[in-house]
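S.K.: Fold the stuff below for me.
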Amino acid sequence: MHVNTLILGAGAAGLMAAAHAGPSTLVIDHAKAPGEKIRISGGGRCNFTNLYAGPENFISQNPHFAKSALSRYTQWDFIDLVTRHGIRYHEKTLGQLFCDTSAKDIIAMLLAEMAPADLWLNTSAADIRHDGQFHATLTRDGTATQVTASNLVLATGGKSIPKMGATGFAYQIAAQFGLNIITPRPGLVPLTFGDTFAPLSGTALPSKVTANGTTFAEATLFTHRGLSGPAILQASSYWADGYPITLNLSPATDLMQVLATAKRTDGRKGLTSALSQVLPNRLVQYLADTLPAGPIAEMADATLAEVAQRLHHWQLTPAGSEGYRTAEVTLGGIDTADLNSRTMEAKTRPGLYAIGEAVDVTGWLGGYNFQWAWSSGWACGQAIAAQSTDTP
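M.R.: Numbering: from 1, shown residues only. Modelled structure (predicted):
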């Protein structure tokens with residue numbers, strides 16, 4: 001069996017590429033249904049893009065690589081597609097767009113767009129090689145089929161959420177064909193501190209979290225195993241093992257002013273009473289043993305300033321992260337230096353393409369990674385379609 005394009009992976013990027021790659025396209029996936037990460041994302045409503053998506057919202061060893069695809073297929077292009085399919089959506093915080101009804105609407109839209117491409121589910125690929133054409137043994141429901149293809153697209157994602165079948169398969173195939181792999185690691189993942197914060201489990205508050213010089217202002221959530229919440233997930237993509245993060249527990253309120261006011265107006269209070277006006281009481285009680293005791297009126301301004309400074313710049317060193325089990329994305333992957341930024345094609349192996357999460361381009365939390373899937377999938381599909389048109 002011969003096809004023009006064989007796409008490995010029926011996730012967001014793979015389905016988008018199939019929608020644009022032209023005739024004789026086959027998409028395969030080992031899962032029972034397409035778009036499983038789409039289906040579970042955003043609490044089942046799919047945060048499908050972000051109004052503010054731009055190259056600055058992505059992490060890569062080459063921060064310029066994503067610019068071409070993101071500028072040629074933007075969030076506005078995908079929003080237009082969603083609108084044309086009659087899918088209703090709404091904005092939550094920070095430009096995040098969600099389906100009003102269900103993430104399944106996005107999957108149905110992509111399946112409609114990719115017709116007449118073929119989709120084989122419950123299918124594995126093995127024995128992939130190249131001799132001018134790509135060859136693969138595809139096994140579907142126990143039956144093996146030998147397939148040749150002019151183009152091979154790696155769209156199987158990264159290692160995050162292994163319970164859904166995520167593996168490093170794309171990395172294996174890319175390495176087999178001589179592409180370099182930037183060491184993968186979990187991203188957008190909770191950070192662990194043992195049982196340090198177990199007494200605070202469930203406590204959340206607005207915060208600013210800084211890792212490796214990059215700061216995010218969103219909520220932090222204390223858990224039995226450590227820290228989570230949007231600010232922590234964002235910072236985790238910039239954090240490295242052994243390094244600290246810094247929490248500002250009161251980004252909107254100057255704690256020194258709170259303490260100075262309490263000293264002036266109700267000096268009989270202790271620090272815990274004053275701080276509980278602006279911080280969760282459970283957190284204040286947790287910190288009580290580290291705070292000076294006694295009436296606040298008897299404390300020097302320098303002491304109050306030191307307390308405020310510590311809570312605005314609470315430095316902590318995580319023991320680790322929750323790993324791929326709960327990571328929303330995988331950092332690292334196929335080296336962008338080995339890919340054409342306009343087409344996503346491998347520079348040294350014509351006909352081989354890599355898109356989506358498999359590539360060393362990782363977005364922030366909030367719809368950015370889906371936008372990369374749409375943009376890189378579109379760029380790949382357009383390149384294949386144009387190449388097919390130009391071929392006599």
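S.K.: what residues are up against Arg88?
M.R.: If you count contacts by C-beta atoms under 8 Å, 6 or more residues apart in numbering, Arg88 has them with 99-101. Just so you know, the C-beta spots here come from the backbone N, C-alpha and C atoms, and that holds for glycine as well.
S.K.: repeat for Asn122
M.R.: Counted by C-beta under 8 Å, 6+ apart, Asn122 has contacts 30-32, 140-141.
S.K.: Let me know the closest of those residues to Glu357.
M.R.: Distance to Glu357 across the contacts of Asn122 (C-beta to C-beta) is lowest for Ala31, with 15.1 Å.
S.K.: Met164 is in contact with the closest one, correct?
M.R.: Yes. Contact criterion C-beta atoms under 8 Å: Ala31 and Met164 qualify, at 7.5 Å.
S.K.: what about these two, which has more around it?
M.R.: Neighbours per residue (other C-beta atoms under 10 Å) separate Ala31 from Met164, with Ala31 holding more: 16 against 13.
S.K.: Buried among the contacts of Asn122? Need that as a selection in PyMOL.
M.R.: The buried residues among the contacts of Asn122 can be selected in PyMOL (16 or more other C-beta atoms under 10 Å) with this line:
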select buried, resi 30+31
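S.K.: thinking again about what came up before, select from the contacts of Arg88 every entry located in strands.
M.R.: The strands, defined by DSSP state E, take in Cys99 from these.
S.K.: Going by neighbour count, which of the contacts of Arg88 comes out on top?
M.R.: Ranking these using other C-beta under 10 Å puts Cys99 first, with 23 neighbours.
S.K.: Tell me, how many residues neighbour the nearest residue to it once chain neighbours are set aside?
M.R.: Leaving aside its chain neighbours, Cys99 sits nearest to Arg45 (4.7 Å; criterion: C-beta to C-beta, 6 or more residues apart in numbering). Residues near Arg45, counting by other C-beta under 10 Å, number 20.
S.K.: list the contacts for Arg45?
M.R.: 98-103.
S.K.: Gly14 versus that one, what's the distance?
M.R.: To Gly14, Arg45 is 21 Å away according to C-beta to C-beta, to the nearest Å.
S.K.: other SSEs contacting the longest helix along the chain?
M.R.: Secondary structure assigned by DSSP state H gives helix 368-390 as the longest helix of the chain. Under the contact criterion of 3 or more C-beta pairs under 8 Å, 6 or more residues apart in numbering; DSSP states H and E, helix 368-390 touches strand 2-8, helix 12-20, strand 47-50, helix 67-72, helix 75-84, strand 143-154, strand 352-354, strand 362-363.
S.K.: quick one: the nearest residue to Trp378 once chain neighbours are set aside and Gly157, what's the gap?
M.R.: Nearest non-adjacent residue to Trp378, counting by C-beta to C-beta, 6+ apart: Tyr73, 4.0 Å away. Using C-beta to C-beta, Tyr73 is found at 19 Å from Gly157.
S.K.: So between the two, which is more surrounded?
M.R.: Gly157 (28 against 22).
S.K.: Surely the more buried one is in contact with Ile355?
M.R.: No. Assessed by C-beta under 8 Å, Gly157 is found out of contact with Ile355, at 9.9 Å.
S.K.: Between the two, which contacts overlap?
M.R.: Ala13.
S.K.: which non-adjacent residue is nearest Asn4?
M.R.: Ser24 (3.8 Å).
S.K.: what's near enough to touch that neighbour?
M.R.: 2-5.
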